[in-house]
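>>> Based on what follows, work out the 3D shape:
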Amino acid sequence: MNCFSIIYNDVNRIEDDIVRVFVDVDNSTWSGYSIGGLGADRMIEVSGTGGLVRSAGVFTIAGTYPGQWSWLQSGTVSFALGYHRMEFGAALSLANGTARLYVEISAWDGGSDMLGSNG
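Sure thing, here's the model as predicted:
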């Protein structure tokens, strides 16, 4: 099942644009951070503004319950920027060679997009 929504919210303004890819590496909703119907064990995060990346990393969940926002950096992200485009990649070990993803994009002006995949 795929879902897509756009939400504009000026209450939680940030100064960077942020892309987060939540990855359920073990395909279990019972472990990891609960988001978009999956249990994210890893998070890839790239943030920056004005066409520059300020930070990029792979993070492993450190929380003790599914809704706890607690992550430890566990790897690096390779990225490339182009005209209104960004590509990035990270090495992850996946159970059974597959993983479910949830993508969250937040803009400096409060806009956001989300895309989830259960396949």
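
>>> what ranges do the strands span in this protein?
Using DSSP state E, the strands of the chain run over 2-8, 17-24, 33-35, 38-40, 42-49, 52-61, 71-75, 78-82, 85-89, 100-106, 111-117.

>>> which residues of this protein score low on pLDDT?
1-14, 95, 113, 117-119 (pLDDT under 70).

>>> mind putting the strands of the chain in TSV, mean neighbour count included?
Every C-beta, even on glycine, is put in place using the N, C-alpha and C of the backbone. Shown next, in TSV, are the strands of the chain (neighbours: other CB atoms under 10 Å):
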stretch	mean neighbour count
strand 2-8	9
strand 17-24	22
strand 33-35	20
strand 38-40	23
strand 42-49	20
strand 52-61	16
strand 71-75	13
strand 78-82	12
strand 85-89	11
strand 100-106	19
strand 111-117	16
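
>>> wait, isn't residue 45 in contact with residue 20?
Yes: with contact defined as CB atoms under 8 Å, residue 45 and residue 20 form a contacting pair (5.0 Å).

>>> Please state the offset of stretch 90-104 from the chain centre?
11 Å (CA atoms, centre = their mean, to the nearest Å).
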